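>>> Pasting the sequence and the predicted model now:
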Amino acid sequence: MDDSLGVTWSVVPEKNFNALIEQFKGKCHSWVVMLSTVQRIKSGAVEGNIFTNGWPKFSSLVLQCRSKELVVLDCYVLVEPDRSIIESFAEQLHKIIRSEERLYWIFANAGLAKDLQPLLQLKATQPGLATPSYCVDVLADLIFYYIPVTDVSTFTKEEPLLVPDDYVLRKLEDRHLEVVSTVWEYPVCGGIIPFLTDLVKLYHSVGVFTRLPSGIISETPIGWCLQYPNGEVGSLYVVEEYRRKGLAKIMVQHMCKLVVEDGEIPFISAEKNNFKPISLFLNVGFVELGNCVNLFCM
């Protein structure tokens, strides 16, 4: 709880989750992301808390979901944010970030993120901190996409995906993560392998493996896709020589099926000017949800 700025932030109890969803549904950037995260916290699929700047009346919300190596913080606001709201957000985020040393991904709409970044950096470097400061930077300018509720049934059909005979889909294991780590582009703390191990252990993943003419399946994946703590499908990658064979689309469809089976709505993001994955997502059935900026603190 924080009232240093005249604003009280508090944890929302589970009994109020449904009322929370109704207030935000369709009214803020990436509301499907919020819905997914709330459901994951409620079901116990991920550890986390929901903070609001008041109850039952509130204008701002922070969703916190954490794994061993990563904490995702989604920021939402129902009104045009003024200086006091932005400062209140920064104070609450600073308090959360200072509570434990992990990697933080902060998602907020472009306007809010632009103002939050310098305020957080200022707080991170203020004199008198007992422990080392953290840095705040922009990771990506993103567009979120989701599968509309009316189309979710497409992924509940029992028919298996049409995977070419030369390939096999399998869940990733620890022994596959060395090759995954070689193309990982995002900052992590505690090492890339521990970070990926945490994701693969706790959430969905899929790898594509080649099947030799003898029937033996290769030990090394030639493509993969992961799921993050907030439920987002991401880290889609196919080794260059195996591209343009439809493998990326098959992996995304497979991950969507797993997410839908969990009772959640599939969502995914792409950098604003990266048109190749956007075309793929639209082809699978995703529609644009909204844009936001991803900050990271470590």
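Received the coordinates, thanks.

>>> For the chain, just list every one of the helices.
17-24, 31-43, 83-99, 110-124, 177-181, 192-202, 247-261, 275-284 (DSSP state H).

>>> now for those helices, which one comes closest to G223?
With Cβ to Cβ as the criterion, G223 lies closest to helix 247-261 of the helices of the chain, at 5.1 Å. Where you see a C-beta, it was placed from the backbone N, CA and C, and this is true even at glycine.

>>> For the helices of the chain, could you give me a markdown table that also reports mean pLDDT?
Compiled in a markdown table, those are given as follows (pLDDT from 0 to 100):
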| stretch | mean pLDDT |
| --- | --- |
| helix 17-24 | 81 |
| helix 31-43 | 81 |
| helix 83-99 | 86 |
| helix 110-124 | 82 |
| helix 177-181 | 95 |
| helix 192-202 | 90 |
| helix 247-261 | 92 |
| helix 275-284 | 83 |
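
>>> Columns mean neighbour count and distance to I50 on top of the ones you listed, output as TSV?
Converted to TSV, the helices of the chain look like this (neighbours: other Cβ atoms under 10 Å; distance: least, Cβ to Cβ, whole Å):
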stretch	mean neighbour count	distance to I50
helix 17-24	15	7
helix 31-43	21	7
helix 83-99	19	12
helix 110-124	17	18
helix 177-181	17	31
helix 192-202	18	19
helix 247-261	20	21
helix 275-284	15	28
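
>>> out of those, which comes closest to Y228?
Of all the helices of the chain, helix 192-202 sits nearest to Y228, with 7.0 Å by Cβ to Cβ.

>>> neighbouring contacts of the closest one?
Applying Cβ atoms under 8 Å, 6 or more residues apart in numbering, the contact partners of helix 192-202 are 46, 67-70, 103, 171-174, 177-178, 180-181, 184, 188-189, 205, 226-229.

>>> Buried ones among these?
With burial judged by 16 or more other Cβ atoms under 10 Å, the buried subset of the contacts of helix 192-202 is 46, 67-70, 103, 172, 177, 180, 184, 188-189, 205, 226-229.

>>> one step back: output the helices of the chain as TSV; include the columns distance to L142.
Listed next are the helices of the chain as TSV, based on distance: least, Cβ to Cβ, whole Å:
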stretch	distance to L142
helix 17-24	19
helix 31-43	11
helix 83-99	18
helix 110-124	10
helix 177-181	21
helix 192-202	18
helix 247-261	16
helix 275-284	11
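
>>> So which residues of the stretch 151-298 of the chain form strands?
For the stretch 151-298 of the chain, the strands defined by DSSP state E, counting those that start in this stretch occupy 167-170, 205-210, 223-227, 233-238, 267-271, 287-297.

>>> got the phi/psi numbers for P266?
Main-chain dihedrals, P266, degrees, to the nearest 10: phi -70, psi 130.

>>> And the pLDDT for it?
Predicted confidence (pLDDT) for P266: 89.

>>> now do S30
64.

>>> Then I216?
Looking at I216, its pLDDT is 91.

>>> May I see the buried residues of stretch 264-274?
For stretch 264-274, by 16+ other Cβ under 10 Å, it's E264, I265, P266, F267, I268, S269, A270.

>>> how long is it from one end to the other?
One end of stretch 264-274 sits 26 Å from the other (Cα to Cα, to the nearest Å).

>>> same deal with stretch 73-90?
By Cα to Cα, one end of stretch 73-90 lies 12 Å from the other end.

>>> mind checking how far that stretch is from the chain centre?
20 Å (Cα atoms, centre = their mean, to the nearest Å).

>>> go on, stretch 54-63?
For stretch 54-63, the distance to the chain centre is 21 Å (Cα atoms, centre = their mean).

>>> Also stretch 40-49?
Distance, centroid of stretch 40-49 to centroid of chain: 14 Å (Cα atoms, centre = their mean).
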